[in-house]
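> Okay, predicted coordinates and the sequence, questions at the end:
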Amino acid sequence: MSIYTGRGDDGKTDLRDMTRVSKTSPRIEAYGTVDELNALLGTIRPTGHADVDDRLRTVQNHLHIVQADFANPDPDEDDPAITAAHVDTVEDWIDSFDAELEPLTAFILPSGSNPGAQLHHARTVCRRAERRAVALASEAEINEQAVQYLNRLSDGLFTFARVVNAREGEPEETPEY
């Protein structure tokens with residue numbers, strides 16, 4: 001398989017069903033931003049916390065499913081798709097890690113240890129991916145579970161950042177108004 005084909009030189013790319021679309025289409029923006037998030041998560045692992053790393057690896061696999069989901073304008077029931085079970089998994093992780101943390105009583109600044117701050121950064125990219133998915137959903141039918149997954153994942157990444165920072169003794173800072 002050749003790395004380069006030249007097929008995208010005209011500013012278009014293929015969807016899963018081989019439909020040619022502009023590289024600026026909402027569908028490409030959505031799954032491209034999910035790809036960016038996935039690559040960013042790859043720069044964060046290893047965090048130094050095996051349980052967080054295990055979850056991040058699973059998230060990276062889930063994000064490949066989200067990308068496949070968004071790249072397929074006409075999915076069959078056998079095609080990869082995010083389901084409610086994926087969303088439930090992230091919720092379980094949030095609940096598990098949240099039990100380790102002090103209750104949140106105010107907004108916090110996205111900072112802390114290197115992996116903690118990087119997880120906060122990943123959260124913001126995840127929110128952008130979610131916005132791109134919502135924009136796509138306004139134009140085309142997509143799997144609503146994938147949008148829910150991104151929404152929940154951003155909450156998960158926030159919680160992962162908090163737990164990593166807490167374990168590393170990094171205090172949470174609140175904004176000054």
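Looks like it came in fine.
> give me phi/psi at residue 12?
phi -120, psi 160 (degrees, to the nearest 10).
> OK, contacts around the residue nearest to the spatial centre of the chain?
Ranked by distance to the mean C-alpha position of the chain (C-alpha atoms, centre = their mean), the top residue is residue 126 at 4.4 Å. If you count contacts by C-beta atoms under 8 Å, 6 or more residues apart in numbering, residue 126 has them with 37, 150, 153, 154, 157. Where C-beta positions appear, they are placed from N, C-alpha and C, glycine not excepted.
> Could you give the number of residues near the residue nearest to the second one when sequence neighbours are not counted?
Meaning residue 150. Distance criterion C-beta to C-beta, 6 or more residues apart in numbering; nearest residue to residue 150, sequence neighbours excluded, is residue 130 at 4.0 Å. With neighbours defined by other C-beta atoms under 10 Å, the count for residue 130 comes to 23.
> now swap in the one 3 residues further on and tell me
Close neighbours of residue 133, defined as other C-beta under 10 Å, add up to 29.
> give me the element it is part of.
According to DSSP states H and E, residue 133 maps onto helix 114-139.
> coming back round to it: so what's the residue nearest to the centre of the chain scoring on pLDDT?
We have a pLDDT of 98 for residue 126.
> I'd like to know how far it sits from residue 103.
23 Å (C-beta to C-beta, to the nearest Å).
> coming back round to it: helix or strand right after the helix holding residue 133?
Downstream of helix 114-139 (by DSSP H and E), the next one is helix 144-167.
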